[in-house]
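**Student:** quick one, fold the following:
(4 chains)
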There are 4 protein chains.
Amino acid sequence: MEPVYISVIGGGRCGAAEYALAEEVGRLVAEEGATLVCGGLSGVMEAAARGAKEAGGVTIGILPGHDRTPGNPYLDHVLTTGLGHARNLAVVSSGDSVIAIGGGYGTLSEIGLAAKIGRPVVILAGWRLQNSEGTQGVWYASSPQEALVLAREAMRPAQDAPGGRGSSPG
Amino acid sequence: MEPVYISVIGGGRCGAAEYALAEEVGRLVAEEGATLVCGGLSGVMEAAARGAKEAGGVTIGILPGHDRTPGNPYLDHVLTTGLGHARNLAVVSSGDSVIAIGGGYGTLSEIGLAAKIGRPVVILAGWRLQNSEGTQGVWYASSPQEALVLAREAMRPAQDAPGGRGSSPG
Amino acid sequence: MEPVYISVIGGGRCGAAEYALAEEVGRLVAEEGATLVCGGLSGVMEAAARGAKEAGGVTIGILPGHDRTPGNPYLDHVLTTGLGHARNLAVVSSGDSVIAIGGGYGTLSEIGLAAKIGRPVVILAGWRLQNSEGTQGVWYASSPQEALVLAREAMRPAQDAPGGRGSSPG
Amino acid sequence: MEPVYISVIGGGRCGAAEYALAEEVGRLVAEEGATLVCGGLSGVMEAAARGAKEAGGVTIGILPGHDRTPGNPYLDHVLTTGLGHARNLAVVSSGDSVIAIGGGYGTLSEIGLAAKIGRPVVILAGWRLQNSEGTQGVWYASSPQEALVLAREAMRPAQDAPGGRGSSPG
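**Tutor:** Below is the predicted model:
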């Protein structure tokens, strides 16, 4: 079976609640046997990597600068890009699906880029999006467990994709 | 006085209503004496460039590929990048402010990137965003005229920035 | 007729001889009616833009950061990218041909990127390249005038491309 | 001790001799305990990854598109970027040093980008570079073993960096 990659995105700073959510998501990603990809920095990125490592998973961080030192300590592999915020495209492209937890405009750009290139996006906390044309390809989860279920289902071939469930902002 | 650049973003395909809005925005950008920057393709990008040219303005398109031919016919200057969707960062970075008209996930990524790097974003149609931390730096306009007023005010130094006016999604 | 763009690349610092060469190249680019594209900074980039402006041409600078202020004073249009050295790809992609004058490794990366995507490269000063597979698509000129002649010929359809003339490093 | 990353660059197609060289370099990278980073495709990239895997090493490929399938079968981790040739910057940035084996203009761009951002470059086969300002930071090796020795020495703090040894093209 092909290895699965899941990108977890969110703020470089976050509160305790989001940190706990991200850590739990990371743990579940690892328990699925998927590789966790993130932006490599602190906050949600660190928490997700930490959770994945605690569960024995593999973690990869993709940093915006040319310097590896800002990488959090829970990364197995640290890549640097020198691309600034354009590295966001590599972060979401590398995942078969993307889970967003909180975050600000950087995370919003990643949600947009991910959905634009066809990566399913599951938002667990933070952004709520409305568009007159709908928001196909973006789902909302109310727990880490549901986020993983939605991500797994969304990665299936089209005919098996999740239905309206959780697909419109509350 | 320093020249002002305004980036107009939106879908590569759009309906007649958005086309008309974008054309009017382009016209107003030119009448302000600002240079119009866009992603160079069809739809909203074309309409904005067309409006600006009709009003005697200057238009620049920044394309995703290495080929200049997809550029719309209303561009004075066409740059190619070969960066795919990462060219979105150059489109919004090049504007002193950004006006969004409709569009899908590519436009959403541009809204996120623009706000992340501190470019004021005025949404005239399309996306409505909610975030628990608020959406500072993003405004909503209900007409092309209001969009230009908000963009102009937001480009001023911080102490003169627009207040709550139009700043929360309807 | 389609507008022609010529990208001039070289060091952000340079000596008087290279500055004079670049200024003369810029002048000739403008006299050809071509738009001059460059990286927007000082040194060769400034000199080329200055020469083009002195001859009444149009100049565009594509900067690596998000800040327009490092742009030299001879640019009609200044775009910012936030892409760091990846903006080099946009600089060379935007030209129908590329003329290199001196420069260090940044310029070398631009020569490589330009030739990789099929843009003819004329080296007027600086780098000399050898490769066991040859260096097709790169020419060497000994004067600004010859650089423009080679660039013009190289932009023609394949059957008219310049022959061995000037095509191997001295 | 901090993990070490070595990027191996070269053509997506190559002859048997270069394939063998790259495979041997990959093997030596793994035996040093370093992680091998490459562009993920065929030719030299495949050979280097293959050699590293044969020696029990860890391999990472960074692809230009959004699709993971062009990745060669010897990669432990495959990242996609959607950045086209701008992904070259991420490939060389991620290495503490860079070893070049053959290749054409894409490889040349990587040599330039690597040296520009201060990554030592060891050329084992292919390009020979001359510049009036010298080619500091680029070394030439005549065997895989020497390439690894030079890369290792060049990664040390400045006062320990390799001297003229191998530093000028033959």
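
**Student:** burial count for A:Thr107?
**Tutor:** 25 (other CB atoms under 10 Å in any protein chain shown). (Glycine included, C-beta is placed from N, CA and C.)

**Student:** also A:Ser132?
**Tutor:** Neighbours of A:Ser132 using other CB under 10 Å come to 11.

**Student:** B:Gly102 is in contact with that one, correct?
**Tutor:** Yes. With contact defined as CB atoms under 8 Å, A:Ser132 reaches B:Gly102; the gap is 7.3 Å.

**Student:** mind listing the shared neighbours of those two?
**Tutor:** B:125-126 (CB atoms under 8 Å, 6 or more residues apart in numbering or on different chains).

**Student:** surely A:Leu63 is in contact with A:Arg87?
**Tutor:** Yes. Using CB under 8 Å, A:Leu63 is in contact with A:Arg87, at 7.0 Å.

**Student:** shared neighbours, these two?
**Tutor:** A:39, A:81.

**Student:** list the buried residues for the lengthiest helix in chain A?
**Tutor:** Looking across chain A with DSSP state H, the single longest helix is helix A:16-31. Residues A:18-19, A:21-30 are the ones in helix A:16-31 that count as buried (16 or more other CB atoms under 10 Å in any protein chain shown).

**Student:** and after it, which helix or strand comes next?
**Tutor:** strand A:35-38 (DSSP states H and E).

**Student:** what residues does chain A have near chain D?
**Tutor:** Remark: the part of chain A in contact with chain D comprises A:35, A:37, A:58, A:60, A:62, A:66, A:77-83, A:86-87, A:89-90, A:93-94, A:117-118, using CB under 8 Å from any CB of the partner chain.

**Student:** restrict those to the buried ones and give me that as a PyMOL selection.
**Tutor:** Buried residues among the residues of chain A next to chain D (16+ other CB under 10 Å), as a PyMOL selection:
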select buried, chain A and resi 35+37+58+60+62+66+77+78+79+80+81+82+83+86+87+89+90+93+94+117
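
**Student:** in helices, which of the residues of chain A next to chain D appear?
**Tutor:** A:87, A:89-90, A:93.

**Student:** just for chain A, where's the confidence low?
**Tutor:** A:1, A:157-170 (pLDDT under 70).

**Student:** just the element for the residue nearest the centre of chain A, please.
**Tutor:** Chain A has A:Val8 as the residue nearest its centroid, 1.9 Å off, counting by CA atoms, centre = their mean. Counting by DSSP H and E, the element that carries A:Val8 is strand A:5-10.

**Student:** any chance you could list what contacts that strand?
**Tutor:** Against strand A:5-10 from outside (CB under 8 Å, 6+ apart): A:18, A:22, A:25-26, A:29, A:32, A:34-39, A:43-45, A:48, A:91-92, A:94-103, A:107, A:110-111, A:114, A:119, A:126, A:151.

**Student:** got it, and stretch A:141-150?
**Tutor:** So stretch A:141-150 is contacted by A:21, A:24-25, A:27-29, A:32, A:99, A:120, A:122-124, A:139, A:162, A:165-166 (CB under 8 Å, 6+ apart).

**Student:** and those residues, which two are the farthest apart?
**Tutor:** A:Arg27 and A:Arg165 (23.3 Å; CB to CB).

**Student:** get me the contact residues on chain A for chain B.
**Tutor:** Residues of chain A lying near chain B (CB under 8 Å from any CB): A:83-86, A:88-89, A:102, A:104-117, A:125-133, A:137, A:169.

**Student:** now intersect those residues with the helices, please.
**Tutor:** Per DSSP H, the subset of these in helices is A:88-89, A:105-116.

**Student:** what's the closest of these to chain D?
**Tutor:** Of all these, A:Leu89 has the smallest distance to chain D: 5.3 Å, by CB to the nearest CB.

**Student:** thank you kindly, that will do.
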